[in-house]
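Engineer: Fold the stuff below for me.
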Amino acid sequence: MPLKPFYPKLASGCPLLPVTRRPLCILLAISAVLIGGCGVEPEKPQQPRPPGRVSTVTVRPELAIQYGEYAARVRSTGRVDVRAQVEGVLKQRLYVEGQFVSKGQPLFQIDREAYAFALRREESELAEAQASLLQAQRDWDRAQDLFARKVTSEHDKDKAETARQVAQARLSRALAAVDDAKRLLRYSSVEAPVDGITSLEAVAEGNLIKAGMLLATVTPLDPIEVHFSLPAADFRSRKSNVGPDTSVTLRLENGRLFQHAGELNFTSSVVDPRTDSVQLRAVFPNPNNDLLPGQFARVQVPVREFKNVFLIDPRAVSEGPHGSQVFTVDAESAAKVRPVELGPVLDGRQVVISGLRMGDQLVINGHVALRPGQPLAVAKISEEQR
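Structural biologist: As a prediction, the model looks like this:
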């Protein structure tokens, strides 16, 4: 009988097949060994995320004001002309040109001799009028006594009364003449009408001047004005009532803030069509004459007011899937994400218009890797440490 072919078996029990089928069997044997020898281990429970270490502050609503900064030019409140009020020879200039003078300080001396003579003449006329009135008063008293005793007529009494009234009028005229002579003598000394910086003299000493002639000018420096333009778009969009008595600040050319605050005292009611801007003017105290007319500066004006908003560290804000967000700490000391509506950054602090409530514990440090619901280890920061 024919013999059947013999196929030896491998240790795994797979017969040693002909060469053409041998690779497949080997592959199956190896797979069986691997599957049988590698048991599946049970999954280990996931470790809970450790508490995040964060720093928080308690937020509360505040009032925030946004300032706009605009180019400005310093101007004097108005140059004052110093003019002669009497005529005569200009005897002396009494001030240093270009220096500060105080109101009432003598600036020029006009020849006063003629006015001194006129005053003495009017004073003598006054003395004569006073004597005449005394005599008229005595005559009137005597006429009244005689008329009462029926010694003189009513005509004589009336005549004495008229003479007394004439003497009284003459005295009044003499008093006015003396006052006028004193005024002219006083005007021979030309004084500074206001505090300010003086100009060069317009007329040299020794010249004959007429009443009304310009002698110099004085430019007031305290207070001083600042003129600037507010773009019409800013003017229309402002939320606060920018108007008279609004407090403004001034930044000088060197970058520092002027030490005194000013007040708006004029706001134009029309828009300049050439520049599409509104003209404004502020007045600043200038006791040390630090500001000079013509000087360039930048004025800071409140253009928008935010009420009941929160001012926070900008670094506490991050971007989430729905926009800007912050993290707060809930009652279970877990992280809670809050979408927020942001305003501008003012003086280094971010304005949050909505999304926070009074008393919220805002995370300001350690929030970068936080996840909603993550337990937190909180360190609060006081107001003084912010």
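
Engineer: who touches Leu230 in this structure?
Structural biologist: Residues near Leu230 by CB atoms under 8 Å, 6 or more residues apart in numbering: Gly68, Tyr70, Val242, Ser277, Val278, Leu280, Val301, Val303. C-beta coordinates here come from the backbone N, C-alpha and C atoms, glycine included.

Engineer: what's the nearest residue to the first one if we skip its chain neighbours?
Structural biologist: The spatially closest residue to Gly68, leaving aside those adjacent along the chain, is Val303, at 4.2 Å (CB to CB, 6 or more residues apart in numbering).

Engineer: Surely Glu69 is in contact with Gln300?
Structural biologist: Yes: Glu69 is in contact with Gln300 according to CB atoms under 8 Å; the separation is 5.1 Å.

Engineer: Between the two, point out the one with more neighbours.
Structural biologist: Gln300 (18 against 13; other CB atoms under 10 Å).

Engineer: Pull the contacting residues for the more buried one.
Structural biologist: Tyr67, Gly68, Glu69, Val248, Thr249, Leu250, Arg251.

Engineer: Show me which residues of the helix or strand harbouring the fourth one are buried.
Structural biologist: If you go by DSSP states H and E, Val248 is part of strand 247-251. Residues of strand 247-251 classed as buried: Val248, Thr249, Leu250 (neighbour count, 16 or more other CB atoms under 10 Å).

Engineer: now for the very next helix or strand once past it, which elements pack on it?
Structural biologist: Tracing the chain past strand 247-251, the next element assigned as helix or strand by DSSP H and E is strand 262-267. Packed against strand 262-267, as judged by 3 or more CB pairs under 8 Å, 6 or more residues apart in numbering; DSSP states H and E, are the following elements: strand 247-251, strand 277-284.

Engineer: go again using 10 Å as the cut-off
Structural biologist: strand 224-231, strand 247-251, strand 277-284, strand 296-312 (3 or more CB pairs under 10 Å, 6 or more residues apart in numbering; DSSP states H and E).

Engineer: for the stretch 101-250 of the chain, what are the low-confidence residue spans?
Structural biologist: Across the stretch 101-250 of the chain, the ranges flagged by pLDDT under 70 are 237-245.

Engineer: where along it do the helices fall?
Structural biologist: 113-148, 154-187, 232-237 (DSSP state H, counting those that start in this stretch).

Engineer: what comes up buried for the last one?
Structural biologist: By neighbour count, with 16+ other CB under 10 Å as the criterion, the buried positions of helix 232-237 are Asp234, Phe235.
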